[in-house]
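*Asks:* With the sequence up front, the predicted model follows.
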Amino acid sequence: MGLCATGSSPDDDSSVLFFLETKQSRRAGLRQNLARAAPQRSQRKPPAKPSPVSELDLYDYQLPRELIAQHPLSQRADARLMVVDRRSGSIEHHYVRDLPSLVDPNDAMVFNDSRVIPARLVGLRTQTGGRWQGLFVRKDNETGLWEILSRTRGKLKVGEQITLEDRDARPVETLEVIARLPDGHLAVRPGSDGEPAELLERFGRVPLPPYIREGQMVDDDVKTYQTVFARDPGSIAAPTAGLHFTPELLKQLQAKGVQSHAVTLHVGIGTFRPVQTETLDEHEMHYEWASISAETAEKLNAARAAGGRVLAVGTTSVRTLETVAAENDQLVGWTGMTNLFVRPPYKFGAVDRMLTNFHLPKSTLLMLVSAFAGRELIMEAYAAAIAEEYRFFSYGDAMLII
């Protein structure tokens, strides 16, 4: 599968694929990924005693709307990079292009190679003619039905039909509502035979988060909302920390002697759901499919044993590594479903450094970085980012926590 990034091609793999070991044994096509079996499940029990930093309001902050990035920069590596030192508490301001000077030889970077699928659906309610939007979640292999999330006001009834439109607003497919599911999702039957992979490529759209142009895509989003190393289809949102990397930057990191490896975590519908409990201990984390090869696990263990540090690119890479380490005391080859909720207090077992974007208030992602660097330091860093007018969220700037 070709890359979706300007300046790279399927044949130019010296810079983009230098870190991707052969993964054919663990990487199936989109057909399997959309309804992947879960041979293992990971579940971390909450602390026995309430944490002093478990109140949801402790992770709130006020962000001026103009700081929410609506488009990526034309040059990915020109994004600003805040460097937060956990030991000294210092905060420095750099650019992503400076990253090779901020890491050491023999450090090991870990990327999430999940590829975003065109999961956003647009069409009309056939009976009323009203506009409709939704999100593909998965296919049930036993029944052949699709599970979707309706994102339009108004309750769809069983038996009602939706006429889906392609990117040129032409009617191309129908969905019939078969059942309403307990979590508010819908079970629907598509009018055409075929796998979701094929059908979504015909009429699906980039599933941008609602804070980016109210979820309305432009043509450039097809490329810009995808990392240059995306290979394994299955995510309904991009692992956004990886969006900052270019083939040129990867070459520079390789020349520095930095190892680079890939894991996979398919970002699911839960990434859009806010925490609705007053304390973190009451929150139930969503499940997502994740995988790490035995070869990658062995190399990361060896890097740490030799004095190198594991730098996880993105919270999805962190959750994958920490899920495996928590269950096995070290990294091993693993494939399964994880609902690991990383929040203070948490003892990290696999990650030494982290590169991440700036996250929404009261989000589980903000709680994860707070667990890594300390809540007070992270909130201080966010205040500094607002004062310095950093760009926030998916298309925004980045933070390196050392």
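*Replies:* Sure, I can see it. Numbers count the residues shown, from 1 in each chain.
*Asks:* For the rest of this, base every contact and every neighbour count on C-alpha atoms.
*Replies:* OK.
*Asks:* Please save the CA atoms from stretch 52-67 in PDB.
*Replies:* This file holds the C-alpha atoms of stretch 52-67, laid out as PDB (Å, rounded to 0.1, in the frame of the first residue of the first chain):
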ATOM      1  CA  PRO A  52      -5.500  12.700  45.400                       C
ATOM      2  CA  VAL A  53      -5.300  13.700  41.800                       C
ATOM      3  CA  SER A  54      -8.400  11.700  40.600                       C
ATOM      4  CA  GLU A  55     -10.900  14.600  40.500                       C
ATOM      5  CA  LEU A  56     -11.800  15.400  36.900                       C
ATOM      6  CA  ASP A  57     -11.800  19.100  37.400                       C
ATOM      7  CA  LEU A  58      -8.000  19.000  38.100                       C
ATOM      8  CA  TYR A  59      -7.500  18.300  34.400                       C
ATOM      9  CA  ASP A  60      -9.400  21.300  33.100                       C
ATOM     10  CA  TYR A  61      -8.000  24.400  31.500                       C
ATOM     11  CA  GLN A  62      -9.300  27.300  29.400                       C
ATOM     12  CA  LEU A  63      -8.100  27.400  25.800                       C
ATOM     13  CA  PRO A  64      -8.800  30.300  23.400                       C
ATOM     14  CA  ARG A  65     -10.600  28.900  20.300                       C
ATOM     15  CA  GLU A  66      -8.100  30.700  18.000                       C
ATOM     16  CA  LEU A  67      -5.300  28.400  19.200                       C
END
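*Asks:* contacts for that stretch?
*Replies:* When contacts are defined by Cα atoms under 8 Å, 6 or more residues apart in numbering, stretch 52-67 is touched by residues 275, 277-281, 344-345, 361-363, 366-367, 375, 379, 386, 389-392.
*Asks:* Go again with 6 Å.
*Replies:* Applying Cα atoms under 6 Å, 6 or more residues apart in numbering, the set of residues contacting stretch 52-67 from outside is Glu278, Thr279, Leu280, Pro361, Lys362, Arg391, Phe392.
*Asks:* Can you report how many residues lie near the residue lying closest to Ile212 once chain neighbours are set aside?
*Replies:* Once flanking residues are discounted, Ile212 sits nearest to Gln70: 5.1 Å by Cα to Cα, 6 or more residues apart in numbering. With neighbours defined by other Cα atoms under 10 Å, the count for Gln70 comes to 17.
*Asks:* how much space between Gln70 and Gly268?
*Replies:* Using Cα to Cα, to the nearest Å, Gln70 is found at 22 Å from Gly268.
*Asks:* Of the contacts of stretch 52-67, keep whichever come out buried.
*Replies:* Among the contacts of stretch 52-67, those buried by neighbour count (16 or more other Cα atoms under 10 Å) are Thr279, Leu280, Pro361, Lys362, Arg391, Phe392.
*Asks:* what secondary structure does the fourth one sit in?
*Replies:* It refers to Lys362. Per DSSP: H, G, I helix; E, B strand; the rest coil, the local secondary structure of Lys362 is coil.
*Asks:* which residues touch it?
*Replies:* Lys362 makes contact with Tyr59, Asp60, according to Cα under 6 Å, 6+ apart.
*Asks:* Next, work out how far apart it and Leu208 are.
*Replies:* Between Lys362 and Leu208 the computed distance is 20 Å (Cα to Cα).
*Asks:* what's the farthest-apart pair in the buried ones among the contacts of stretch 52-67?
*Replies:* Checking the buried ones among the contacts of stretch 52-67 against each other with Cα to Cα, the farthest-apart pair comes out as Thr279 and Arg391, at 28.5 Å.
*Asks:* follow-up on the earlier one: now tabulate the contacts of stretch 52-67 in CSV and tack on secondary structure and distance to Thr264.
*Replies:* Listed next are the contacts of stretch 52-67 as CSV, based on DSSP: H, G, I helix; E, B strand; the rest coil; distance: Cα to Cα, whole Å:
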residue, secondary structure, distance to Thr264
Glu278, coil, 31
Thr279, strand, 30
Leu280, helix, 26
Pro361, coil, 26
Lys362, coil, 25
Arg391, coil, 26
Phe392, strand, 24
